[in-house]
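[1] fold the following.
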Amino acid sequence: MTKHFIIGVDEVGRGPLLGDVVVCALIFDKAILSIKEDSLSTDLHTADSVGISHNHPLSALTDSKKLSEKKREALFSLIEQTASAHQVVKISASLIDQLNILQATLLGMKQAVAGVMAQMLAQYPTATFSVMVDGNKLPVLFDLPNYQHITHEQAIVKGDGKHACISGASVIAKVTRDRDMVALSKLYPDYGIEQHKGYPTAAHIQAIEHYGILPMHRKSFAPIKQRILDKKGEHTVNIR
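    Predicted coordinates:
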């Protein structure tokens, strides 16, 4: 019997001025999906200190932005343990500047789908897939080598709060990017990256004005682009 898998796809990091867009494509086994659908709310009587049920740990899955950092970190490990496969793709600031943020994100989604399909086809060569993407745009997939295995493609607005595979991908992408930002903050402590995660907060803009533009800033994004146009120059801060 041919196996059929649902691939959930989500991204994190379209809005920041700094760093990668991170995309994850993820597959849960049907048994895991049924537990999620049957347990849409956490069982408070069996929940741990961050509100995750021991009976149905993935019942807490939702849009990663609605979860606390502690809950995301706890779910990250659970998702990695229970997912049949997942693929993370990072699209750099320089590639974002070359392509634009939308096309860079769609490229990341395409690469993530290709990666997770390859993992599953290595085990199940005749498997078929449904691709469910958070948002209102689908990546172009028809030129993938294994496109004939895709039977359904769908973009779902707010899908990260509706479907477990997309929710799981959202959490993996969010935690991965946040960890990268924490690591970057240690290299450039004056920029407060651990707090703003690259988003255009007042503190981040002030740091750019004071310390300059970093190599991983997105030069095509308005605040950075304007600074360059103003001929204030680009300044690469020494790694400390």
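
[2] what backbone torsions are found at the residue most central in space within the chain?
    Residue closest to the average C-alpha location in the chain (Cα atoms, centre = their mean): residue 173, at 2.7 Å. With angles defined as degrees, to the nearest 10, residue 173 sits at phi -60, psi -40.

[3] look up the pLDDT of it for me, please.
    We have a pLDDT of 97 for residue 173.

[4] excluding chain neighbours, what is closest to residue 191?
    Leaving aside its chain neighbours, residue 191 sits nearest to residue 207 (4.5 Å; criterion: Cβ to Cβ, 6 or more residues apart in numbering). Backbone N, C-alpha and C define where each C-beta goes, glycine included.

[5] list the residues that contact the one you found.
    Residue 207 makes contact with 190, 191, 192 under the criterion Cβ atoms under 8 Å, 6 or more residues apart in numbering.

[6] where does this structure dip in pLDDT?
    Along the chain, the model assigns pLDDT under 70 to residues 31-64, 231-240.

[7] all helices for it, in order.
    Assigned by DSSP state H, the chain shows helices spanning 30-38, 69-82, 93-99, 101-123, 164-187, 193-196, 202-211, 222-229.

[8] deepest of those, which one?
    Counting by mean count of other Cβ atoms under 10 Å, helix 164-187 has the highest mean neighbour count of the helices of the chain, with a mean of 23.

[9] other SSEs contacting it?
    Contacts defined by 3 or more Cβ pairs under 8 Å, 6 or more residues apart in numbering; DSSP states H and E place helix 164-187 against strand 4-12, strand 21-28, helix 30-38, helix 69-82, strand 83-91, strand 128-134, helix 193-196.

[10] please pick the buried ones from the contacts of residue 207.
    Buried residues within the contacts of residue 207, counting neighbours by 16 or more other Cβ atoms under 10 Å: residue 191.

[11] now the contacts of residue 207 as CSV including distance to residue 165?
    Output for these, formatted as CSV (distance: Cβ to Cβ, whole Å):
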residue, distance to residue 165
190, 39
191, 35
192, 34
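
[12] now, which of the contacts of residue 207 sits nearest residue 70?
    Nearest to residue 70 among the contacts of residue 207 is residue 192, at 21.1 Å by Cβ to Cβ.

[13] next, give phi and psi for that closest one.
    Here is the backbone geometry of residue 192 (degrees, to the nearest 10): phi 60, psi 30.

[14] skipping adjacent residues, who's closest to it in space?
    Take residue 192 and drop its neighbours on the chain: the residue closest to it by Cβ to Cβ, 6+ apart is residue 203, 5.2 Å away.

[15] ok, the one you found - contacts?
    For residue 203, the contact set (Cβ under 8 Å, 6+ apart) comprises 192, 195, 196.

[16] what of residue 92?
    Residue 92 is in contact with 20, 216, counting by Cβ under 8 Å, 6+ apart.

[17] quick one: it from residue 19, how far?
    Going from residue 92 to residue 19 by Cβ to Cβ, to the nearest Å gives 8 Å.

[18] what do the two both touch?
    Listed as contacting both residue 92 and residue 19 by Cβ under 8 Å, 6+ apart are residue 216.

[19] can you give me the distance of the residue nearest to residue 191 to residue 145?
    For residue 207, the distance to residue 145 (Cβ to Cβ) stands at 44 Å.

[20] what of residue 128?
    15 Å.
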